[in-house]
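**Q** For reference, the sequence and a predicted model appear below.
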Amino acid sequence: MIDFLIVGNGLAGISFAEIALQNNKSIFVFDNNSQPSSRIAGGLYNPVVLKRFSEVWKAKEQIDFAFPFYHKIQSKLNVVFDFELPILRKFYSSEEQNNWFQAADKPNLAPFLDSKLVTISYQNIDSPFHYGKVLHTGYLEISILIEAYSNYLKSINSFSEAPFVYNKIEFFEGFIQYKNIKAKHIVFAEGFGLHANPYFNDLPLDGTKGELLIIKAPNLQLDVVIKSSVFILPIGNDLYKVGATYDWTDKTNQPTEAGKQELIEKLNELMSCDFEIIQHFAGVRPTVKDRRPLVGTHPVHLKLHVLNGLGTRGVMLAPYLANQLFQHIENSIPLEKQIDITRCYKKK
Ligand SMILES: Cc1cc2nc3c(=O)[nH]c(=O)nc-3n(C[C@H](O)[C@H](O)[C@H](O)COP(=O)(O)OP(=O)(O)OC[C@H]3O[C@@H](n4cnc5c(N)ncnc54)[C@H](O)[C@@H]3O)c2cc1C
């Protein structure tokens with residue numbers, strides 16, 4: 001008998017698996033590579049909404065939990081996937097500059113917004129109104145984390161690449177049987193794949209497709225992330241991630257010509273040098289209509305749990321939410337109301 005069977009080895013599944021292991025619980029993880037969101041994401045973390053200069057929901061709490069947590073995984077697996085890097089928001093007018101300074105004066109935003117204007121001139125990027133610098137930012141190379149974590153799980157015989165088949169769950173008094181595995185609980189962390197899950201597919205998981213390019217631009221020479229209508233994120237060797245698009249209608253993981261053209265156009269507005277497209281990715285972000293995560297326990301099957309709805313900011317959210325779900329299951333600590341799926345059932 002294991003404690004947790006986990007479906008999904010993206011940011012959500014990894015976070016839950018690691019918290020369970022840190023608490024001496026036994027786990028088994030299924031992931032069949034059917035959803036690419038975590039693997040292809042930009043991986044940026046940034047505590048501020050840069051469109052309107054407001055704080056991300058629970059930014060401080062998320063950061064305080066997530067980064068010691070990721071650093072522990074780095075040491076445990078002997079890999080590096082967290083790269084701290086400044087994010088510079090390009091200003092388009094003096095009004096935007098003023099809005100930034102006003103925001104930087106607010107007590108909740110002061111720790112995250114540098115109040116000095118960044119006037120550096122970057123090669124091939126024109127920015128007459130300069131930039132504002134966000135603090136406590138960087139990116140996770142999530143593909144490195146996923147590969148290292150799945151290899152680790154394989155090494156402890158706790159990983160399968162088979163698809164999880166929902167109608168093979170059998171319910172018994174005090175435990176669940178899935179094929180030859182007996183488990184006390186199942187945690188579903190399937191990202192947009194949740195729609196195939198008959199136990200939780202009535203939750204309002206919307207899905208927002210995003211596309212992202214990796215470009216090579218030897219004449220760009222950036223050592224910071226520039227955020228404008230797209231972000232340009234340097235990943236070394238003259239390579240940059242450029243993203244991302246937002247599409248609320250197409251729910252497939254296929255890269256499209258339209259997505260590529262949109263990114264190219266925005267990139268050409270932002271910078272003036274040549275570049276070559278090296279890779280083009282797409283995935284569906286697990287977004288929710290009310291913009292809050294979907295975390296909790298099934299209303300009837302009390303051994304089934306969900307960890308989903310990480311939306312556009314999975315990097316900062318995943319460890320924080322996974323910890324809440326773990327504490328909820330193991331120690332009956334109530335979930336924060338805004339993330340608890342009971343809010344969705346009440347509305348019905
Ligand atoms: C283009 C793009 C850019 C993004 N940029 C950022 C960013 O810069 N910063 C940020 O914080 N977030 C970003 N995001 C959002 C972030 O990627 C998501 O919030 C996060 O990855 C969601 O993680 P997850 O574990 O919930 O889902 P997923 O990553 O989708 O993981 C779910 C896993 O479950 C597996 N699975 C599903 N069903 C089954 C089944 N039946 N059997 C077995 N396995 C199954 C899938 O294979 C998958 O590996 C971006 C997303 C996209 C698409």
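**A** Looks like it came in fine.

**Q** for stretch 87-107, the distance to its chain's centre please.
**A** 25 Å (C-alpha atoms, centre = their mean, to the nearest Å).

**Q** Can you pull out the residues in contact with that stretch?
**A** 44, 46, 50, 53-54, 109-110, 113-115, 117-118, 125, 127, 129-134, 137, 224-228, 231, 270 (C-beta atoms under 8 Å, 6 or more residues apart in numbering). Yep, even glycine has a C-beta here, placed from its N, CA and C like the rest.

**Q** Does whichever helix or strand residue 315 is part of reach the ligand?
**A** Following DSSP states H and E, one finds residue 315 within helix 314-331. Yes: applying C-beta under 6 Å from any ligand atom, one finds helix 314-331 touching the ligand at 314-315.

**Q** likewise stretch 272-292?
**A** Yes: with C-beta under 6 Å from any ligand atom as the criterion, the ligand is reached by stretch 272-292 at 283, 285-286.

**Q** List just the nearest of those residues to the ligand.
**A** Nearest to the ligand among the residues of stretch 272-292 next to the ligand is residue 283, at 3.5 Å by C-beta to the nearest ligand atom.

**Q** which residues sit in contact with the closest one?
**A** 35-37, 39-41, 192, 209-210, 253.

**Q** In a strand, residue 95, correct?
**A** No: checked against DSSP: H, G, I helix; E, B strand; the rest coil, residue 95 lies outside a strand; its state is helix.

**Q** all strands for the stretch 151-300 of the chain, in order.
**A** 159-160, 169-172, 175-178, 181-188, 208-216, 225-227, 231-236, 239-243, 276-285, 294-297 (DSSP state E, counting those that start in this stretch).

**Q** can you redo the ones you listed as TSV with mean pLDDT?
**A** Listed next are those as TSV, based on pLDDT from 0 to 100:
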stretch	mean pLDDT
strand 159-160	98
strand 169-172	97
strand 175-178	98
strand 181-188	98
strand 208-216	98
strand 225-227	97
strand 231-236	97
strand 239-243	97
strand 276-285	98
strand 294-297	98
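
**Q** Out of these, flag the one nearest residue 68.
**A** strand 294-297 (20.8 Å; C-beta to C-beta).

**Q** Next secondary structure after the closest one?
**A** strand 304-308.

**Q** what residues are up against the closest residue to the ligand within the stretch 51-200 of the chain?
**A** Residue of the stretch 51-200 of the chain nearest the ligand, by C-beta to the nearest ligand atom: residue 191 (2.2 Å). By C-beta under 8 Å, 6+ apart, residue 191 lies in contact with 8, 10, 12, 35, 37-38, 284, 286, 308, 310.

**Q** ok, residues contacting the helix or strand following the helix holding residue 315?
**A** Next helix or strand after helix 314-331 toward the C-terminus (DSSP H and E): helix 342-347. For helix 342-347, contacts defined as C-beta under 8 Å, 6+ apart pick out 202-204, 290, 292, 294, 296, 299, 337.

**Q** got the CA positions of helix 342-347 in CSV?
**A** Coordinates of each C-alpha in helix 342-347 appear next as CSV, following Å, rounded to 0.1, in the frame of the first residue of the first chain:
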residue,chain,number,x,y,z
THR,A,342,-15.9,23.6,-3.2
ARG,A,343,-16.5,27.2,-4.6
CYS,A,344,-17.3,25.6,-7.9
TYR,A,345,-19.8,23.1,-6.6
LYS,A,346,-21.6,25.7,-4.5
LYS,A,347,-22.4,27.7,-7.6
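
**Q** Relative to residue 137, how far out is residue 110?
**A** 15 Å (C-beta to C-beta, to the nearest Å).

**Q** on that earlier part again, what would the contacts of helix 342-347 look like in JSON lines with neighbour count?
**A** JSON lines is the format used below for the contacts of helix 342-347 (neighbours: other C-beta atoms under 10 Å):
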{"residue": "202", "neighbour count": "12"}
{"residue": "203", "neighbour count": "19"}
{"residue": "204", "neighbour count": "14"}
{"residue": "290", "neighbour count": "13"}
{"residue": "292", "neighbour count": "18"}
{"residue": "294", "neighbour count": "25"}
{"residue": "296", "neighbour count": "24"}
{"residue": "299", "neighbour count": "11"}
{"residue": "337", "neighbour count": "9"}
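
**Q** Check pLDDT for the residues you listed and point me to the minimum.
**A** Lowest pLDDT of the contacts of helix 342-347: residue 290, 92.

**Q** Enumerate every residue touching that residue.
**A** Contacts of residue 290 (C-beta under 8 Å, 6+ apart): 204, 343.
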